[in-house]
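Novice: need coordinates for the following:
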Amino acid sequence: MNQAETIISIKDRARKNFSKGFNCAECVFEAVLEHIETDLPKDVLKLATGFGGGIGLYGDTCGAIAGAVMAVSAIHGRSALPHNEDRKKAMNMAAEQLYGKPGLYRIFNQIPNKIHSKYGYTLCREITTLWQDQWLCRDHALHCREIITDAAEIAAALITGDKETISSEPFGRNVENL
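Specialist: All right, here's what the predicted structure looks like:
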């Protein structure tokens, strides 16, 4: 499967997952786990469950964003910290991995920025404000399914894209004004 086909397959699976009863985070994470080799056991999907509804329906960061971050982390995340006998050098190496150009935060920063760009928000309670009195209605489900599909596409593109390129992109909105 080429990159475009993989992205489409992940988007389609995430979209279908929602109609099977997966929550927003599970939809995205499971779709990536199904189509991308991560060497992670299938039980790792359990980690996504609590992120639905902006973390247990609390309404914070959209679960589809959390699922996308988890999926991209499964490929591009760190499995160990840089090691150096000199503590300061080790800290500098770790900071360079995250903040540098290329840097891992440049990859992950794209996910909420792209969702925010399209939907105006990243918090579940703001994205779904129209349906808070009728949470499980059809319009709400259709809206969330679109966000899930978009988050899956973003994750798939970041996973299948050239790591050097995507990790060198400029930061979008961020807490450090980088």
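
Novice: so residue 61 makes contact with residue 123?
Specialist: Yes: using CB atoms under 8 Å, residue 61 makes contact with residue 123 at a distance of 6.5 Å. From N, CA and C alone the C-beta is placed, and that goes for glycine too.

Novice: what do those two both touch?
Specialist: residue 54 (CB atoms under 8 Å, 6 or more residues apart in numbering).

Novice: the protein: helices as residue ranges?
Specialist: Assigned by DSSP state H, the helices in the chain fall at 3-19, 24-35, 52-55, 63-76, 87-99, 104-108, 110-119, 124-127, 138-160, 163-166.

Novice: any idea how far the most centrally placed residue in the chain is from residue 148?
Specialist: With distances taken as CA atoms, centre = their mean, residue 68 lies nearest the centre of the chain, 1.8 Å away. From residue 68 across to residue 148, the span is 9 Å (CB to CB, to the nearest Å).

Novice: and what of residue 71?
Specialist: Counting by CB to CB, the gap from residue 71 to residue 148 is 12 Å.

Novice: could you do residue 108 as well?
Specialist: 18 Å.

Novice: one more: residue 41?
Specialist: For residue 41, the distance to residue 148 - CB to CB - is 23 Å.

Novice: okay, the two: which has more neighbours?
Specialist: More crowded of residue 41 and residue 148, by other CB atoms under 10 Å: residue 148, with 28 against 9.

Novice: hmm, that one is touching residue 26, no?
Specialist: No: if you go by CB under 8 Å, residue 148 and residue 26 don't touch, sitting 9.6 Å apart.

Novice: which neighbours do the two have in common?
Specialist: Joint contacts of residue 148 and residue 26 (CB under 8 Å, 6+ apart) are 17, 67.

Novice: just the buried positions in stretch 111-128, please.
Specialist: 111-116, 122-124, 127-128 (16 or more other CB atoms under 10 Å).

Novice: pipe these into TSV and attach distance to residue 162 and pLDDT per row.
Specialist: Compiled in TSV, these are given as follows (distance: CB to CB, whole Å; pLDDT from 0 to 100):
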residue	distance to residue 162	pLDDT
111	17	98
112	21	98
113	19	98
114	17	98
115	22	98
116	24	98
122	26	98
123	31	98
124	31	97
127	30	96
128	34	96
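
Novice: how about stretch 139-152 as PDB, C-alpha atoms only?
Specialist: Extracted in PDB, the C-alpha atoms of stretch 139-152 (Å, rounded to 0.1, in the frame of the first residue of the first chain):
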ATOM      1  CA  ASP A 139     -26.100  15.700  14.600                       C
ATOM      2  CA  HIS A 140     -23.600  15.500  17.400                       C
ATOM      3  CA  ALA A 141     -22.500  12.000  16.400                       C
ATOM      4  CA  LEU A 142     -22.100  13.100  12.700                       C
ATOM      5  CA  HIS A 143     -20.000  16.100  13.800                       C
ATOM      6  CA  CYS A 144     -17.700  14.000  16.000                       C
ATOM      7  CA  ARG A 145     -17.300  11.400  13.200                       C
ATOM      8  CA  GLU A 146     -16.000  14.100  11.000                       C
ATOM      9  CA  ILE A 147     -13.500  15.300  13.600                       C
ATOM     10  CA  ILE A 148     -12.400  11.600  14.100                       C
ATOM     11  CA  THR A 149     -11.900  11.200  10.400                       C
ATOM     12  CA  ASP A 150      -9.900  14.400  10.200                       C
ATOM     13  CA  ALA A 151      -7.800  13.500  13.200                       C
ATOM     14  CA  ALA A 152      -7.100  10.000  11.700                       C
END
